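Enquirer: based on what follows, work out the 3D shape:
(2 chains)
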2 protein chains.
Amino acid sequence: MAVGEYPFPSMPPLAGIKLATASAGIKKPGRQDVVLIELAAGTRSAGVFTRNAFCAAPVTLCREYLKQASPRYLVINSGNANACTGERGRRDAIATSEAVAQLSGVQAAQVLPFSTGVIGEPLPVNKIVNVLPQAHAGLSEANWEAAAKAIMTTDTRPKGYTASVEHQGKTITVNGIAKGAGMIKPNMGTMLAYIATDADIAQPVLDDLCKEAANRSFNRITIDGDTSTNDSCILMATGQSGAEAITEASGDLYEKVRGLIIDAHEYLAKCIVADGEGATKFVTLAVSGGASQDECLQVGYAVAHSPLIKTALFASDPNWGRIVAAVGYAGVPALDANKVRIHLNDTLIVEEGGRAEGYTEEQGQAVMDQAEITIRIDLGRGGCAETLWTTDLSHEYVRINADYRS
Amino acid sequence: MAVGEYPFPSMPPLAGIKLATASAGIKKPGRQDVVLIELAAGTRSAGVFTRNAFCAAPVTLCREYLKQASPRYLVINSGNANACTGERGRRDAIATSEAVAQLSGVQAAQVLPFSTGVIGEPLPVNKIVNVLPQAHAGLSEANWEAAAKAIMTTDTRPKGYTASVEHQGKTITVNGIAKGAGMIKPNMGTMLAYIATDADIAQPVLDDLCKEAANRSFNRITIDGDTSTNDSCILMATGQSGAEAITEASGDLYEKVRGLIIDAHEYLAKCIVADGEGATKFVTLAVSGGASQDECLQVGYAVAHSPLIKTALFASDPNWGRIVAAVGYAGVPALDANKVRIHLNDTLIVEEGGRAEGYTEEQGQAVMDQAEITIRIDLGRGGCAETLWTTDLSHEYVRINADYRS
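Expert: A predicted model of the protein is given here:
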C-alpha cells in the first residue's frame, strides 16, 4: 500500500557518478541487493547519520572515513543491517570497504559502506565481496533506477528525484535516490539517501547544505516513531557541470543549487512517508503559534505518534477529540487550551477549549475522506512554526511488521 | 481480547461506602452507565488527575471541589467524556454535582463528578440527572461489581481488588475498582480508579499515599502512549474499621495499610494493561543500571511505545534488534552500547553491542511464545531502576480504534 503517485523520474546521467548493482543473495536469491557507486576524483561529499546509540558498524565507519579521506566509492547492501553485530560487524564493514578499495586502487577509507535490513544478523560479507568485481565492471552513468530498486527493503516503490537549472549557459543537475518505509523518525528512520549534483561546491558550504537539507526533510518525517540504527544521508558534489565554483553560501548560483538540493531532500522524504508501511494517508502536521521551535516539534510528534490518531486517520474518522488530547499531553508548559485552534485542511474544528461553533461532522468527514490531509495546530502563544509529515496506522502496518522476519 | 486471568473478586462491603448504578442511555440504551458512590460523613479523600492541558471539565471541577470541601458523593458516567466541551462542559459537570447535592442535602462541592467516553460531544446532562433519584434510592454496600461494570467503555472485563488485614483484633479492608483499556499512559490514560479503605487515615498521610501509590502503578503503565483528558484516581478512607487512627507515615498499622493500598493500585493497573485494547501479551519492562530514574523511564517508554516492538510482540517474534534500536534512540546521553545487557525473561539476548554469545533463536522464541513476557534492560551505568507494564500492538487494536466511534 502507498499513498498518491510518486513515479520514478527519468533520471539523466550526472557527470562524475557511476552506479552498478549486483545480486549477492543476502536475503532472497536472485534479488539485486548490492549497489556500488563511483564518485569521480575531486568529488566532495558530506553526510548526516542516525544518532542511535546502537548505530550500526557501517555508520560508525562512515563517520570515521569521512574524516580521513574524500570518498571515491559507496557500497550499499540491502537485506542485512549489520547492526548490533559487535566487533564482527565492524570487521565485516571494513572487509567490504577493503574489497572495493582493492578492486579500484583507492584507500579503504575512501569507500563508504552502508547496510539496511534486519538487525542483529551477521553480515554475509563473503557473498557481498564475491559480487563486487562484477559490480565494478558494470559501473555506468545510466543505473540510477536500478540502484534505487536494489536498496529497497519493505519499500513498495523506488524513490528518485531529478531536476536541473541553467546558469550562464551551463546546466546543473541534482539527482537523488532514497529508500525507507518503516522505522522512520528524525535522526533518522531505516532510511538511506544519496543525493548528487554536478555543481562545484566548497566543502564547508556542502557540509552546511547537507545538514540544513536533512533537517528540513528527513528529520521532519515520522512513520512509527522508531529511529533506526543505520540511517544515512550523503550529499555529493562532483563539480563536473562546468559552472563556476560555489565557494560561499550566497549568490545567485548558490541559491539556485541550494533550492534544488533542498527540494530533492524534501521530495525524497515525502516519497518515504507516502510509501510508509501500510500507509493509506499522507498527513502534513503544521504546528504554528509556538513559543519555540522545540515546542512546535513536541506537539507535532505527539500527534504524529499517537496510535489513536493514526488509527482514526486510517478509518477516515474525524475524531478530533484524539487530536486535542494529544496536543494537551504533548508537554508544552502552561499551554492555554482556550487559545489553541485546530484546523483539518481549511476547516476549523477546535477553538476556545471545545468544538468550533458551526463545525459539522460532515465537514470533518469530507476532509478525512481524502488521501492527503493537513492538520493545522495553532498554539496561540508565539511566532514559531514547524512542519512534519507522517502517515496513518493501518491493518497493513501490523501485518507487515508482525510478519517482517518470517 | 485480553491477556491472562484477572477474575473479578468477591467484593465484601466496606463500611462507610455505598454504591448504585443506573441506566441513563448516554451512548447505548439499556446499558448501566451512571454510578453514584456515597461516602459516609467523616470520610477523607485524596485524588490524582491527568496532566493533560485539555483536561475535561469534571477533572477541573474535582480539583477545585477537593480544595473546598470533603467529598460525600462521587457521580460517574461512562459513554461521554465531557472533554473539550468548553464552558458548556463546565456547566454540565456542575449541574450533575448540584443534582446529587439537592437529592442528598450536601453542598455541590461535596459531589465529585467524573466522565469517561467520547471526547468533544456535549454531555447529555438531563439524561444523567433524570436517573439520579433512582440511583440515590438504590445505594447499597453490595454494588461494587455493578459499579465496576457500569464505568467500563472499551474494557472487556470489570476490574476489582479486595484484601484485608487484621490489626489488634480489627479487620481493615481495601476495596478498589477501575476502568481503562486504551489511551493509557502515565498521567494517566482514560482511566478511572476508586480505591477505598475503612482505615482511619489523617489527610496529609492519605494525600501522600495517594500520590505514591498512583506513581507506582497507574503512572507506570502504557498501552498506546496517549494520555487522556479525564483520568482520575481517588483514594478514600472512611475510618469505620474501628482500628486506631493512622496519623503519621510510620508504624506497624501504617505499613500494613500502605502495603494493601499500593497492592490495590498495582493490581488494578495490571488489570488495565492485561485488558489493553487488542492486547495478546502482558509485557513487563524492567530497566535497571540507570544513572537516574528519569533515564530508566525514558528507555522504558521508548521500548513500550515502539510500534515495531509491539508488532513483533504480537507476532511472538524474538526480533530483539528492534528492542536494541529503541534503547539506542531513547535519548540517554552518552549511552555506551557495549555496556547494555538485555534479557528476555531469563535469556540473555544482547551484550557487548551485539547478540549474546550462545543465544539461539529457539531460546528467544520460547520466551516470546508466552503471554506474559519480561524485557530486562540493564543500562550498565548506575544504580537506578524502574518498572513499566505494557502490551503488544495487534490487528485487534487497529480494529477497535479504527471503529470506535462507528
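
Enquirer: which residue comes closest to the closest residue to chain B within the stretch 251-400 of chain A once chain neighbours are left out?
Expert: Of all residues in the stretch 251-400 of chain A, residue A:321 sits closest to chain B, at 2.6 Å by C-beta to the nearest C-beta. C-beta: built from backbone N, CA, C; applies to glycine. Spatial nearest neighbour of residue A:321, chain neighbours left out: residue B:119 (2.6 Å); criterion: C-beta to C-beta, 6 or more residues apart in numbering or on different chains.

Enquirer: report the contact partners of the one you found.
Expert: Neighbour list for residue B:119: A:319, A:321-322, A:324-325, B:56, B:81, B:83-84, B:229 [criterion: C-beta atoms under 8 Å, 6 or more residues apart in numbering or on different chains].

Enquirer: flag every buried residue along the helix or strand of chain A with the lowest mean pLDDT.
Expert: The weakest-scoring helix or strand in chain A, judged by mean pLDDT, DSSP states H and E, is helix A:395-403 (a mean of 79). Going by neighbour count (16 or more other C-beta atoms under 10 Å in any protein chain shown), the buried part of helix A:395-403 is A:395-402.

Enquirer: pretty sure residue A:386 sits against residue A:290.
Expert: Yes: in this structure, residue A:386 is within contact of residue A:290 by C-beta atoms under 8 Å, at 7.4 Å.

Enquirer: just want to know which of these two has more residues nearby.
Expert: Neighbour comparison, residue A:386 and residue A:290: the larger count goes to residue A:290, with 24 against 20 (by other C-beta atoms under 10 Å in any protein chain shown).

Enquirer: quick one: average pLDDT of the longest helix out of those in chain A?
Expert: Determined from DSSP state H, the single longest helix within chain A is helix A:252-274. For helix A:252-274, mean pLDDT rounds to 95.

Enquirer: which positions in the stretch 1-150 of chain A make contact with chain B?
Expert: A:50-55, A:81, A:83-89, A:118-120 (C-beta under 8 Å from any C-beta of the partner chain).

Enquirer: for chain A, give me the ranges with low pLDDT.
Expert: A:1, A:182-189, A:223-227, A:403-406 (pLDDT under 70).

Enquirer: picking that back up, turn the buried residues of helix A:395-403 into a markdown table, including distance to chain B.
Expert: Output for the buried residues of helix A:395-403, formatted as a markdown table (distance: C-beta to the nearest C-beta, whole Å):
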| residue | distance to chain B |
| --- | --- |
| A:395 | 5 |
| A:396 | 9 |
| A:397 | 7 |
| A:398 | 5 |
| A:399 | 7 |
| A:400 | 8 |
| A:401 | 4 |
| A:402 | 4 |
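
Enquirer: surely residue A:274 and residue A:4 touch.
Expert: Yes: counting by C-beta under 8 Å, residue A:274 does reach residue A:4; the two are 5.1 Å apart.

Enquirer: against residue B:381, how distant is residue A:129?
Expert: As judged by C-beta to C-beta, to the nearest Å, residue A:129 and residue B:381 stand 37 Å apart.

Enquirer: neighbour count winner among those two?
Expert: Remark: of residue A:129 and residue B:381, residue A:129 carries more neighbours, 20 against 17, as counted by other C-beta under 10 Å.

Enquirer: hmm, that one is touching residue A:93, no?
Expert: No: assessed by C-beta under 8 Å, residue A:129 is found out of contact with residue A:93, at 11.8 Å.

Enquirer: what's the overlap in contacts for these two?
Expert: Common neighbours of residue A:129 and residue A:93 (C-beta under 8 Å, 6+ apart) do not exist.

Enquirer: quick one on the thing from earlier: out of residue A:274 and residue A:4, which sits in the more crowded spot?
Expert: residue A:274 (23 against 14).

Enquirer: ok, and the closest non-adjacent residue to that one?
Expert: residue A:3 (4.5 Å).

Enquirer: quick one: the helices in chain A?
Expert: Under DSSP H, chain A gives helices at A:57-68, A:86-104, A:125-137, A:144-150, A:203-215, A:252-274, A:293-305, A:307-314, A:320-329, A:361-368, A:395-403.
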